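Engineer: Please find the sequence and the predicted model below.
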Amino acid sequence: MPKSKVFITRHFPTKLEQLQKIATIEVWEERQPPPYTVLLKKVKSIDGLLCLLTDQIDQQLIEAAGTSFKVISQMAVGYDNIDIPAAIARKIPVGHTPGVLTDATADLTWALLMAAARHVVEADRFARGGQWKTWEPNLFLGPNITGATLGIVGFGRIGQAVARRAKGFDMKVFYTSKQRSDQELEKDLGVEFTAFEHLLQEADFVTIHTPLSDETYHLFGDLRSAQQRSYRQFKLMKQSAILINTARGAIVDPEALYQALANGEIAGAAIDVTDPEPIPTDSPLLDLDNLIVTPHIGSASRQTREKMANMAIANLIAGLKGEQLPNCVNPEVYL
């Protein structure tokens, strides 16, 4: 029986022996994602696709897939780059890798929060630039983290993991979410559910952990809206507040963020995700000293990335065999 054909859009941090037993593999060799035109050509002659968030898997591409195309497997929790309704229409299961990156992303959230609060990146540049001449009592003063108020926007696995870490800093923690968690979990984590606006008014640190959707697109700062809602939201925050985003870049409008930081409406921000991504090299955000930007490394621990890759491969193998995916985004295709 001939092997299945698989296209992998980047080198993965794991071994591919199990996949190679059942499939002929082609791996995109470049650092940059394969161009859309390449993907469009590949899907016509393959049985499975192993992809990343940076790959555009839209309706046109899914409809262009050949009759032998069986499965899309993505190495990510999110899948907003994939047209799920189009996949359902073609009865193509879509796999993702939930749960495994919770702790790694929560850890990075805290790394960014602490680095922004204590001016770690700015101070490093200062020392390396030969500006450190003596100990100064007013140099790089930042807010206390211990005893501060933390606001968590979105309270899924990652938001809860962030709250669990906050207990060690004796913080008051508010959260807002589409649905309120049960009272037992709230008590265990020492958190309080509140309205979004109240959270913004009270928090010293605001950290974003909500999925990207039509509802949350430019939740922080859509300056184009008739109500100027973003401007109001940044105005609601304390001038001493710090914003952290390790969720999705498009939840924060970059123009509104720039205005808030440049005009002192908030004290600082640290973001692992941008809109667009990667951040343009001429973005005015990169000129700000009160912003930290990292290149989407929320899940970038060795152990986490390897687990994610193995989960994505397991989904792909199941799809190629005609079996149900262990972690399927659209189980409707099996009905």
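Structural biologist: Ah, there it is. Keep in mind the model is a prediction, meaning the values are calculated, not measured. Residues are numbered from 1 along each chain as shown.
Engineer: low-confidence ranges in the chain?
Structural biologist: 1, 222-231 (pLDDT under 70).
Engineer: so the most centrally placed residue in it, which of the three states?
Structural biologist: Geometric centre of the chain, nearest residue: A247, 3.4 Å, by CA atoms, centre = their mean. Assigned by DSSP: H, G, I helix; E, B strand; the rest coil, the conformation of A247 is coil.
Engineer: ok, now which ones touch it?
Structural biologist: Going by CB atoms under 8 Å, 6 or more residues apart in numbering, A247 touches 154, 158, 208-212, 273. C-betas here are computed from N, CA, C, even on glycine.
Engineer: Quick check: helices, which of those residues are part of them?
Structural biologist: The helices, defined by DSSP state H, take in I158 from these.
Engineer: out of everything not next to it in sequence, what's closest to M114?
Structural biologist: Residue nearest to M114 in three dimensions, not counting chain neighbours: I145, with 6.4 Å by CB to CB, 6 or more residues apart in numbering.
Engineer: For the one you found, give me its contacts.
Structural biologist: Contacts of I145 (CB under 8 Å, 6+ apart): 113-114, 117, 169, 171, 205.
Engineer: quick one: the residue nearest to the centre of the chain and I62, what's the gap?
Structural biologist: According to CB to CB, to the nearest Å, A247 and I62 sit 25 Å apart.
Engineer: Tell me which stretches of the stretch 51-200 of the chain form helices.
Structural biologist: 59-64, 84-89, 102-117, 120-128, 157-166, 183-189, 196-202 (DSSP state H, counting those that start in this stretch).
Engineer: picking up where we left off before, buried by neighbour count, from the contacts of I145: which ones?
Structural biologist: Buried by 16 or more other CB atoms under 10 Å: 113, 117, 169, 171, 205, out of these.
Engineer: How about the fourth one, nearest residue that isn't a chain neighbour?
Structural biologist: The shortest distance from M171 to any residue other than its chain neighbours is 4.8 Å, reached at L150 (CB to CB, 6+ apart).
Engineer: Pretty sure that neighbour sits against V173.
Structural biologist: Yes - contact status for L150 versus V173: in contact at 4.8 Å, counting by CB atoms under 8 Å.
Engineer: Pull the number of nearby residues for V293.
Structural biologist: A total of 19 residues lie near V293 under the criterion other CB atoms under 10 Å.
Engineer: Pull the contacting residues for it.
Structural biologist: Contacts for V293 (CB under 8 Å, 6+ apart) come out as 270-272, 274, 279, 285-286.
Engineer: Could you turn the buried ones of those into a PyMOL selection?
Structural biologist: A single PyMOL command suffices to select whichever of the contacts of V293 are buried according to 16+ other CB under 10 Å:
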select buried, resi 270+271+272+274+279+285
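Engineer: what's the next secondary structure element after the helix or strand hosting Q259?
Structural biologist: Element membership of Q259 [criterion: DSSP states H and E] is helix 254-262. Counting by DSSP H and E, the next helix or strand C-terminal to helix 254-262 is strand 268-271.
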